[in-house]
Structure formats: structure tokens, C-alpha cells
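Novice: test case, fold it:
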Amino acid sequence: MLAVAAVTGAYLLGIQMTGNLGAVVAGEVYRSNQPTPARR
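Specialist: Here you go, the predicted model:
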């Protein structure tokens, strides 16, 4: 259990340190998978 917490903490710290988080810009948010008209 401690190993899972350590790995998770290291991962989250890495994200914070590399700046891989950004603010959402209005009108510029994209999804990786757009639904087809039939699935909306």
C-alpha cells in the first residue's frame, strides 16, 4: 500500500514539476473523440 502511495505521489509531483497542467481557455477546449451525429 505504501508503494502505491509513493508511486502516485511521485507521478503527481512529476506533473507539477514539468508544468503539464494548464488552464482551460474558453472556446479552445477539444475532446479527443467527438461523437458522431447519431450518438449525440
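Novice: average pLDDT for the helix or strand hosting V7, rounded please.
Specialist: Using DSSP states H and E, V7 falls within helix 2-18. Per-region confidence: helix 2-18 scores 92 on mean pLDDT.
Novice: other SSEs contacting that helix?
Specialist: Contact partners of helix 2-18 among helices and strands, from 3 or more C-beta pairs under 8 Å, 6 or more residues apart in numbering; DSSP states H and E: none. The C-beta positions use only the backbone N, C-alpha and C, and glycine is treated the same way.
Novice: what is the neighbour count of A3?
Specialist: 7 (other C-beta atoms under 10 Å).
Novice: could you check how far it is from G27?
Specialist: Distance of A3 to G27, computed by C-beta to C-beta, to the nearest Å: 42 Å.
Novice: now the helix holding V7 - C-alpha only, PDB.
Specialist: Presented in PDB, the C-alpha positions along helix 2-18 are these (Å, rounded to 0.1, in the frame of the first residue of the first chain):
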ATOM      1  CA  LEU A   2       2.800   2.400   0.800                       C
ATOM      2  CA  ALA A   3       4.400   1.600  -2.600                       C
ATOM      3  CA  VAL A   4       1.200   2.600  -4.400                       C
ATOM      4  CA  ALA A   5       1.100   5.900  -2.500                       C
ATOM      5  CA  ALA A   6       4.700   6.600  -3.200                       C
ATOM      6  CA  VAL A   7       4.300   5.900  -6.900                       C
ATOM      7  CA  THR A   8       1.200   8.000  -7.100                       C
ATOM      8  CA  GLY A   9       2.800  10.900  -5.200                       C
ATOM      9  CA  ALA A  10       5.900  10.700  -7.500                       C
ATOM     10  CA  TYR A  11       3.700  10.800 -10.600                       C
ATOM     11  CA  LEU A  12       1.700  13.800  -9.400                       C
ATOM     12  CA  LEU A  13       4.900  15.600  -8.300                       C
ATOM     13  CA  GLY A  14       6.400  15.000 -11.800                       C
ATOM     14  CA  ILE A  15       3.300  16.500 -13.400                       C
ATOM     15  CA  GLN A  16       3.600  19.600 -11.100                       C
ATOM     16  CA  MET A  17       7.300  20.000 -11.700                       C
ATOM     17  CA  THR A  18       7.100  19.700 -15.500                       C
END
